[in-house]
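Asker: with the sequence up front, the predicted model follows.
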Protein chains: 4
Amino acid sequence: ADIRSAQDYAALAPHFMAPSHLAYISGGSGYGLSVAANVTAFEQWAIYPRLLRDVSHGHTRIRLAGDDYAHPFFLAPVAFHKLAHAGGEVETARAAQAIDTCMIASTQSACSLEDTAAAAGPQRWFQPYLLPQRAHTLDLLRRAEAAGYRAIVLTVDAPIQVANRRALAARFQLPSDVSAVNLRGYDTMPRFAGNGDGESRFFQGAMRGAPSWDDIRWVMSQTTLPVWVKGVLHPDDAVALRDAGVAGIAVSNHGGRSLDGAPSGLDVLPAIRAAVGADLPLMYDGGIQSGSDAFKALALGANAVAVGRLQLYALSVAGALGVAHMLKLLREELEICMAMAGCATISEINRGALLPQARRRD
Amino acid sequence: ADIRSAQDYAALAPHFMAPSHLAYISGGSGYGLSVAANVTAFEQWAIYPRLLRDVSHGHTRIRLAGDDYAHPFFLAPVAFHKLAHAGGEVETARAAQAIDTCMIASTQSACSLEDTAAAAGPQRWFQPYLLPQRAHTLDLLRRAEAAGYRAIVLTVDAPIQVANRRALAARFQLPSDVSAVNLRGYDTMPRFAGNGDGESRFFQGAMRGAPSWDDIRWVMSQTTLPVWVKGVLHPDDAVALRDAGVAGIAVSNHGGRSLDGAPSGLDVLPAIRAAVGADLPLMYDGGIQSGSDAFKALALGANAVAVGRLQLYALSVAGALGVAHMLKLLREELEICMAMAGCATISEINRGALLPQARRRD
Amino acid sequence: ADIRSAQDYAALAPHFMAPSHLAYISGGSGYGLSVAANVTAFEQWAIYPRLLRDVSHGHTRIRLAGDDYAHPFFLAPVAFHKLAHAGGEVETARAAQAIDTCMIASTQSACSLEDTAAAAGPQRWFQPYLLPQRAHTLDLLRRAEAAGYRAIVLTVDAPIQVANRRALAARFQLPSDVSAVNLRGYDTMPRFAGNGDGESRFFQGAMRGAPSWDDIRWVMSQTTLPVWVKGVLHPDDAVALRDAGVAGIAVSNHGGRSLDGAPSGLDVLPAIRAAVGADLPLMYDGGIQSGSDAFKALALGANAVAVGRLQLYALSVAGALGVAHMLKLLREELEICMAMAGCATISEINRGALLPQARRRD
Amino acid sequence: ADIRSAQDYAALAPHFMAPSHLAYISGGSGYGLSVAANVTAFEQWAIYPRLLRDVSHGHTRIRLAGDDYAHPFFLAPVAFHKLAHAGGEVETARAAQAIDTCMIASTQSACSLEDTAAAAGPQRWFQPYLLPQRAHTLDLLRRAEAAGYRAIVLTVDAPIQVANRRALAARFQLPSDVSAVNLRGYDTMPRFAGNGDGESRFFQGAMRGAPSWDDIRWVMSQTTLPVWVKGVLHPDDAVALRDAGVAGIAVSNHGGRSLDGAPSGLDVLPAIRAAVGADLPLMYDGGIQSGSDAFKALALGANAVAVGRLQLYALSVAGALGVAHMLKLLREELEICMAMAGCATISEINRGALLPQARRRD
Ligand SMILES: Cc1cc2nc3c(=O)[nH]c(=O)nc-3n(C[C@H](O)[C@H](O)[C@H](O)COP(=O)(O)O)c2cc1C
Ligand SMILES: Cc1cc2nc3c(=O)[nH]c(=O)nc-3n(C[C@H](O)[C@H](O)[C@H](O)COP(=O)(O)O)c2cc1C
Ligand SMILES: Cc1cc2nc3c(=O)[nH]c(=O)nc-3n(C[C@H](O)[C@H](O)[C@H](O)COP(=O)(O)O)c2cc1C
Ligand SMILES: Cc1cc2nc3c(=O)[nH]c(=O)nc-3n(C[C@H](O)[C@H](O)[C@H](O)COP(=O)(O)O)c2cc1C
């Protein structure tokens, strides 16, 4: 096949995936407003080429919270890789290892976190959700530590599940052979229903079990791993998290899958960077489809970027090979961008490399 | 059927309504510029999700001009519900009662204000138009008081009827069994024609009978009910009404059915709130299709919101049940928005919850 | 037929006109960029409805340079009305008389200026072009005076004819029975060709015969009629013309038929009004299709507006009756706008009546 | 055929060129974002017509770095004219001579630089690329000098070749009879591959051979011809080049064929002019399709403009005659613009001639 850019995997995926799986993966919550915002956000910036600079010593290496990474691309935590490929997360992990990429394994995976860890490279992080019972959350953390995950990414932006209308329209159902194996034996049902008189199933239901500041502090007290928090969009939340001592923040609108109508993380990234200062590591995700998308996010304040859907698309097209190839293309696209923009290293990429762009005609 | 969001009723209505009725209801005056503006206005704002906040004590209750309401959704006064359902306003009123919603009954209804009142819940308001003869207006007010309506909403933004081009194109006619029963026995023809030499049928015709400041003061002097004025779009008018002592103001462009080319109320809401100060109750209507639309209006200065067309769409699809379900969905959508935005109560929703949004690609 | 608004004549015209005539009339120069700009310009403004104002003494009368007009609508000078109707300018003039409208007769007419004058009402203006020989221009002026035209409108914005691509594509040709009868016996060919070595057929050709400041002063010295200049788009030109003593200025991009890529007059109107001060009469034309378009132009600084294409469209549909009806509709649409906006008189219409409008989705 | 404007050649070319050649020529790098930006950039400006100015002494002559040119249009260096016409660069050169246009001959041509020079007029420039071996570059320079080229244009904005997706999709291949004849006998392969461990084929590969400041200085030291640098988009680079003593700068995004996502040169032109001051000659290219495009570039700071694709389109349609005609049309379109805008000479064209334009509806 003719795959020239990472984005080509998105174009090819529909030929390799069941329509309802595709709808579930590519769709967002509600009417997809925030999914669309993730695309539009990148179109607002052009990249300045710079001339005659010596970048022959260039590289894409980054140091993030004390660790070295060959490049700033991470695999974002996405649920149930088996929807894209029978090999599931283990298949993806193989690609991550092959191409020196840090995979952030989701709790909601179709392969166990232990199996995934075994296949992944040394750089692997784990994304737990907070479970109704702390004992279960703790057990999950301990398993992650035991399996050699090097950081914890707490996702706190989805206290309520909002329907994905495209998935509903396509009558998506989790296939019988796909389930959240990591959670077996744990209590996962919300403790509160909020069905009492005058009670709301959101305020007095789901939200009573939602993550709290107390939970964040508790998790940090229970593990020596660095703890990131994922799903931040407001500068004040970012500052409060920095003050609470998190290792880093993932600026993300959950790929447009949480609150429909939330802004793109890219639109708030500069304000968040300004608010937290230069030192706090920020990872950006949402809509990354190319090396130049990554370049823009890095220029606007991120230290690293994570790709969500694109890994599943590549996985569906060609399994581990597809994911590895997609990551290779992303990295090369980023290198081209950097070289052309005269940036030899990731840290040289800054706001001055971008120009606000008059909106394209559609 | 698969109804997941309040807005789905708009998509379904065409299957349940005569095309000409649909055209009359969904259309606006002239070329529909202001109808379109009501939609576009909401797209200009994104909602900030906030993290880790405790909203388990959350609720949607509001206190408006001394009364308590379970939630900030009102049913806007819309004419002739029988166009959507044989049960007419009585059917809608049943839904309002069932779901604790305040219905604002229009003068121009196909069921009598008394019948509607009997079916509605304790929270019911009445929207009179000023009739050519004050005695008749007074009679209407007395009947509204007798029927237990708790507030008066004077609509003053439609002194001239502007043709609804979509209704005309669909050759809409009021069916023979639908008429303005409340007005039987009253004089409703304008007193002035403006056909004299050099006279305008607008300036010397319709406008000679148009509501005046004197009329507002007169109505307020004739009733002890709180008097709202509906149809305000200019901050100076809002201030003058506040100074005249109205109980509240409905910021509205009449669903795009009055002056074609009027702005969306949402676009002027912040300026109106700034002009009148924090205390004057403001109700917003125009284009509300979802809980997040309501959230945005509340964030921009409204204390409550009213839905117009959506109630007729739901009524056409499933009668009282449809309206009740639509209102339940709206409320839940609002709760989700609030919970995600970290707002436990309506009064916590403010401008800081919104981010101006780069325009979506069409 | 169902004609509800002036703009309907534009929609109907294609059924009543030869396609090539329509292409010639509706097209603009080049790629039609300035024609499109004339439409877009109006969409950038919303009109504030105002409440409870007494406009029962309202009217649309204006006083312009010492004369009274029943309303601010003028018929812009447009060439060859016979392309739209066999009766030509005489037919249009009848409508103008019937509906108390001032017609600005073009030099390039298919009926003689004398015949047109005889059919028109007392309010008629004449638009001469400057001819290669002053004696001929003078003769034209004398004839206009003799025929009772009350003002002179010098059009100076089209020194070079730019091809109308739509007309070319439709292979438009002037029919054999249509010709510029007013110009018989005059020299109309440019005196200069600019074909010498290193010469440009524009700079040393057309432009050598183009109107100059000297010409303007000369025309003013030759007639006691008020002299307007048509085709102004730059504030500095407007100021210079005011200082030269013109009676008024027509802010116009020639309906997008002169320089393709010129801005809409509406976009420059506020700057021109600010530059020339409150007293100089300004007439706006370009894209006027409705009463609310007129309202916007008046609010942005015009004292009157002229309609170009719309008169030919109405003429093609129903002759004099069509033009009269179209003008009646325009006036009523303006009255409705004024009434709704709380403006009893034209002079009450000002910038405060408008709100910049977020761009509509297409 | 009906060719009325230079741009018509773009519309006609698809009828005269093999689809894959057309794809190669019209496409840009990647997804064509920068190609699109080159078009959009012009739409953001309207041109002010000015009235009554005497431009009968007008002309389009410019003086650029000590030489006189009949008009500001240059033929940009574009590779392999034989893709458009069997006569190749020699055919284009004939047109350039006939119409007094300076051709900038590309190194990557299908005819030798000597043959092209022999056919071109006295005004001819040469665009070398820096070759892996300085001796070869020097030989190229010497040949250019010997062939009578009057200036050197070093293109430095394409150190990395980015795939043209449209060309790839159309399976474009260089025909067997088309090759880079100028380069015969030279080493053209990059010296570095960057395939070592941890090496990047961009940073340690292509970029190690990329042009450097040292190369620029070296070229300037080797020739007495004026040296321009082509491909500048950042003001800081422009200033540094000025300080290094270049004769002029070509502001260009390489027709959208280098970094996909680079801004249009037009969007950065004002900042570059402001940064380098009034004296440094700037040539603009990218998206020029008409005289008014040229006018806008000149108004925003350019001293001259170059056309890329349009010359190949015209060449494909009618050989030398087509190119000459296209250039004649461009010049006439510019003259019309200038005349209408009241600019008698190129130097009178400035920023004050433009008005930012509200975006057109699509
Ligand atoms: C199918 C799917 C499943 C996801 N599952 C999770 C998850 O389990 N945990 C999580 O934190 N984020 C999850 N996400 C969000 C991703 O981590 C990431 O924020 C998002 O996909 C980035 O946007 P992109 O897909 O446009 O790259 C999921 C996203 C998708 C598309
Ligand atoms: C069919 C229809 C009839 C209406 N009748 C009335 C009415 O009788 N009195 C009134 O004050 N407003 C009336 N309105 C306006 C509504 O009260 C409200 O302002 C508008 O519908 C809100 O916009 P929405 O329909 O987009 O929610 C009517 C609106 C519609 C659509
Ligand atoms: C077919 C046609 C012929 C015109 N002929 C003249 C003319 O002879 N003299 C003149 O000053 N303007 C002429 N104009 C321009 C009009 O006076 C006026 O500026 C323009 O039509 C206004 O724009 P509108 O057509 O959008 O209303 C002509 C316009 C059209 C459409
Ligand atoms: C087919 C093609 C080949 C080109 N080859 C060269 C080249 O060899 N050297 C160079 O400096 N620029 C080259 N360019 C870029 C042009 O010099 C110029 O920057 C660009 O075409 C201007 O944009 P336009 O095509 O929209 O006018 C090429 C452009 C095209 C379209």
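Answerer: Alright, I've got the coordinates. Ligands and ions are numbered 1, 2, ... in the order given.
Asker: quick one: mean pLDDT for stretch A:114-123?
Answerer: When the per-residue pLDDT values of stretch A:114-123 are averaged, the result is 97.
Asker: find the closest residue to ligand 1 in the stretch 251-362 of chain A.
Answerer: For the stretch 251-362 of chain A, the residue positioned closest to ligand 1 under C-beta to the nearest ligand atom is residue A:308, at a distance of 2.0 Å. C-beta here means a position set from N, CA and C on the backbone, and glycine is covered the same way.
Asker: for chain D, see how far away the nearest residue to that residue once chain neighbours are set aside is.
Answerer: In space, not counting the residues next to it along the chain, residue A:308 is nearest to residue A:76; the distance is 4.2 Å by C-beta to C-beta, 6 or more residues apart in numbering or on different chains. For residue A:76, the distance to chain D under the criterion C-beta to the nearest C-beta, to the nearest Å works out to 23 Å.
Asker: list the contacts of residue A:126.
Answerer: Under the criterion of C-beta atoms under 8 Å, 6 or more residues apart in numbering or on different chains, the contact list for residue A:126 reads A:104-105, A:107, A:113, A:144, A:147, A:149, A:151-153.
Asker: returning to that earlier point: now the residue of the stretch 251-362 of chain A closest to ligand 1: how far from residue A:320?
Answerer: 18 Å (C-beta to C-beta, to the nearest Å).
Asker: ok, now residue A:153?
Answerer: Separation of residue A:153 from residue A:320 (C-beta to C-beta): 22 Å.
Asker: okay, the two: which has more neighbours?
Answerer: The residue with more neighbours, out of residue A:153 and residue A:320, is residue A:153; 29 against 22, by other C-beta atoms under 10 Å in any protein chain shown.
Asker: ok, that one - contacts?
Answerer: Applying C-beta under 8 Å, 6+ apart as the definition, the contact partners of residue A:153 turn out to be A:77, A:104, A:125-128, A:227-230, A:250.
Asker: again with residue A:237
Answerer: Residue A:237 neighbours (C-beta under 8 Å, 6+ apart): B:50-52.
Asker: what's the helix or strand for it?
Answerer: Using DSSP states H and E, residue A:237 falls within helix A:235-244.
Asker: could you dump that helix to CSV, C-alpha only?
Answerer: This file holds the C-alpha atoms of helix A:235-244, laid out as CSV (Å, rounded to 0.1, in the frame of the first residue of the first chain):
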residue,chain,number,x,y,z
PRO,A,235,-5.0,27.1,33.7
ASP,A,236,-6.2,27.3,37.3
ASP,A,237,-6.5,23.5,37.6
ALA,A,238,-3.1,23.2,36.1
VAL,A,239,-1.6,25.5,38.7
ALA,A,240,-3.4,23.7,41.6
LEU,A,241,-2.1,20.4,40.3
ARG,A,242,1.4,21.7,40.1
ASP,A,243,1.1,23.0,43.6
ALA,A,244,-0.2,19.6,44.7
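Asker: which parts of it are buried?
Answerer: The neighbour-count check on helix A:235-244 (16 or more other C-beta atoms under 10 Å in any protein chain shown) flags A:235, A:237-242 as buried.
Asker: can you pull the residues of the stretch 101-250 of chain A lying near chain B?
Answerer: A:156-157, A:159-160, A:162-163, A:165, A:168, A:192, A:198, A:200-204, A:206-208, A:210-213, A:215-216, A:229, A:231-234, A:236-237, A:241 (C-beta under 8 Å from any C-beta of the partner chain).
Asker: and those residues, which are buried?
Answerer: Buried positions within these, assessed by neighbour count (16+ other C-beta under 10 Å), are A:156-157, A:159-160, A:162, A:165, A:192, A:200-204, A:206-208, A:210-212, A:215-216, A:229, A:231-234, A:237, A:241.
Asker: center of chain A - which residue?
Answerer: Averaging the C-alpha coordinates of chain A gives a centre point, and the residue nearest to it by C-alpha atoms, centre = their mean is residue A:76 (3.1 Å).
Asker: how about stretch A:317-332: buried residues?
Answerer: Across stretch A:317-332, burial judged by 16+ other C-beta under 10 Å covers A:317-320, A:322-332.
Asker: so, low pLDDT: which residues of chain A?
Answerer: Screening chain A residue by residue with the criterion pLDDT under 70, one finds the ranges A:1, A:359-362.
Asker: spatially nearest residue to the closest residue to ligand 4 within the stretch 201-350 of chain A, not counting backbone neighbours?
Answerer: Nearest residue of the stretch 201-350 of chain A to ligand 4: residue A:340, at 15.1 Å (C-beta to the nearest ligand atom). Nearest-residue entry for residue A:340: residue D:259, 4.2 Å, with adjacent residues in sequence omitted and distances by C-beta to C-beta, 6+ apart.
Asker: for residue B:177, see how far away the one you found is.
Answerer: Counting by C-beta to C-beta, the gap between residue D:259 and residue B:177 amounts to 69 Å.
Asker: need the phi and psi values for the most far-flung residue of chain A relative to its centre.
Answerer: Distance from the C-alpha centroid of chain A, by C-alpha atoms, centre = their mean, peaks at residue A:197 (38.8 Å). Residue A:197 has phi and psi values of phi -60, psi 130 when expressed as degrees, to the nearest 10.
Asker: for the residue in the stretch 251-362 of chain A positioned nearest to chain B, give me its contacts.
Answerer: Using C-beta to the nearest C-beta, residue A:263 is the residue of the stretch 251-362 of chain A that sits closest to chain B, at 3.8 Å. When the contact criterion is C-beta under 8 Å, 6+ apart, the partners of residue A:263 are A:34, A:37, A:233, A:253, B:46-48, B:355, B:357.
Asker: next one: residue A:204
Answerer: A:192, A:194, A:196, B:56, B:58 are the contacts of residue A:204 under C-beta under 8 Å, 6+ apart.
Asker: state the helix or strand in which the residue nearest to residue A:29 when sequence neighbours are not counted lies.
Answerer: In space, and not counting its chain neighbours, residue A:29 is closest to residue A:162: 3.7 Å by C-beta to C-beta, 6+ apart. Taking DSSP H and E as the definition, residue A:162 sits outside all helices and strands.
Asker: so how far is the longest helix along chain A off the chain centroid?
Answerer: Of all segments of type helix in chain A, defined using DSSP state H, the longest is helix A:309-340. Relative to the mean C-alpha coordinate of its chain, helix A:309-340 is positioned 15 Å out (C-alpha atoms, centre = their mean, to the nearest Å).
Asker: could you say which helix or strand holds the residue in the stretch 151-300 of chain A positioned nearest to chain D?
Answerer: Scanning the stretch 151-300 of chain A for proximity to chain D using C-beta to the nearest C-beta identifies residue A:292 as nearest, at 4.6 Å. Applying DSSP H and E as the criterion places residue A:292 in helix A:291-299.
Asker: tell me the angle of that helix relative to helix A:309-340?
Answerer: 80 degrees (axes from the mean of the first three to the mean of the last three C-alpha atoms, to 10 degrees).
Asker: which helices and strands sit right next to helix A:291-299?
Answerer: helix A:33-43, strand A:45-47, helix A:265-276, strand A:304-307, helix A:309-340 (3 or more C-beta pairs under 8 Å, 6 or more residues apart in numbering or on different chains; DSSP states H and E).
Asker: do it and ligand 1 meet?
Answerer: No: applying C-beta under 6 Å from any ligand atom, one finds helix A:291-299 out of contact with ligand 1, separated by at least 9.3 Å.
Asker: what's in contact with that helix?
Answerer: Helix A:291-299 has contacts (C-beta under 8 Å, 6+ apart) with A:6, A:42, A:45, A:47, A:72-73, A:266, A:269, A:284, A:287-288, A:305, A:329-338, A:341, A:346, A:349-351, A:353-354, D:260-261.
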